[in-house]
Structure formats: structure tokens, C-alpha cells
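Chemist: mind looking at a prediction? Sequence and model below.
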Amino acid sequence: MTPLELAEMVLAGRFIIAGEVRGATAKPSGYVDKKTGLSLTTILCTYFVERNCSRGFEFVKISKRAPQGVTDPTQVSLGVVKGKTYAFEVENIERKPGSLVAWMGAMEPQEVEIGTAATASPQGEAVAAALNLVKIETSPTDP
């Protein structure tokens, strides 16, 4: 996924969080069904993502439930590589102390191609202007 495709998804109204994956796990999670009283176990997939924000960076914990019928965490393919940048469509987000907690939407994580310029075409320039994208570069400080 290019930055231009990512910007188009945002302009289409989809809520996307993009950042560098710091880790991903699949663990069993149990709960009790209040109606039946039965104890049920499901696999919870969690992605730990570091994203840039106005305050520097923040961590986002993005979770999703594995499909029904999957009972072993080793059967789940998380589809990410640690250290690469991915875009996640989220349905729900909540601010917790120290991080954001989100539930992933239907779209699987999509790798973002960092090397491509979002404003390489006139269409890209219009999308970047609409999103008011700013490239922040760090420079060494002089003592």
C-alpha cells in the first residue's frame, strides 16, 4: 500500500492507524457466556504498534478475535513482520493511560511502502493538501 492509497482510504471515511509494528501475539482468552453460563475460549490476536503523533510517538494496542473454530494460537497467521510499517483499519478506539487501545476492523494489516512519495503526482499533491500532511525531519541539536 502506498501513502497515496492510504490517504485515499482516509478521505473515503475509513479510520486507519498506521505505524511500526513492535510485536504481535496470539493468545487464548477465556470468558463466561452470561446467558448460558458456559466457559468459552477464543484466540485473541494483539498487535503492538508505535505511531508518530504531535507529542512525539505513542503506542497502540490493536486487537482482534481469531475466526471461530480456531482453538490453537499456533494456527493463527498474524501477517506482520516486526519493524515494518503497517496500516490497520480500526472500528473502535479508546485512550488508556500510556497508550491507545483499538479493535481491528475487517481489513487485514497492510504493509505501507515508505519509500514512495505521496505527492509525486498532481493527484497525490491534492490528497496531501486535503489531509494537511506535514513531513517532520529531525536534525542534530547544536550544543
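Modeler: Arrived safely. Source: prediction; values computed, not measured.
Chemist: what values do phi and psi take at Pro3?
Modeler: Pro3 adopts backbone torsions of phi -60, psi -30, taken as degrees, to the nearest 10.
Chemist: pretty sure it contacts Gln110?
Modeler: No - Pro3 lies out of contact with Gln110 (C-beta atoms under 8 Å); the separation is 11.7 Å. Glycine gets a C-beta too; all of them are placed from N, C-alpha and C.
Chemist: those two: who's more crowded?
Modeler: Pro3 (23 against 18; other C-beta atoms under 10 Å).
Chemist: model confidence for the more buried one, exactly?
Modeler: Pro3 is assigned 78 on the pLDDT scale.
Chemist: repeat for Ile16
Modeler: 88.
Chemist: can you pull the contacts of it?
Modeler: Taking C-beta atoms under 8 Å, 6 or more residues apart in numbering, we find Ile16 in contact with 6, 9-10, 87-90.
Chemist: could you dump these into JSON lines and include neighbour count?
Modeler: Shown next, in JSON lines, are the contacts of Ile16 (neighbours: other C-beta atoms under 10 Å):
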{"residue": "Leu6", "neighbour count": "20"}
{"residue": "Met9", "neighbour count": "17"}
{"residue": "Val10", "neighbour count": "15"}
{"residue": "Ala87", "neighbour count": "21"}
{"residue": "Phe88", "neighbour count": "24"}
{"residue": "Glu89", "neighbour count": "18"}
{"residue": "Val90", "neighbour count": "20"}
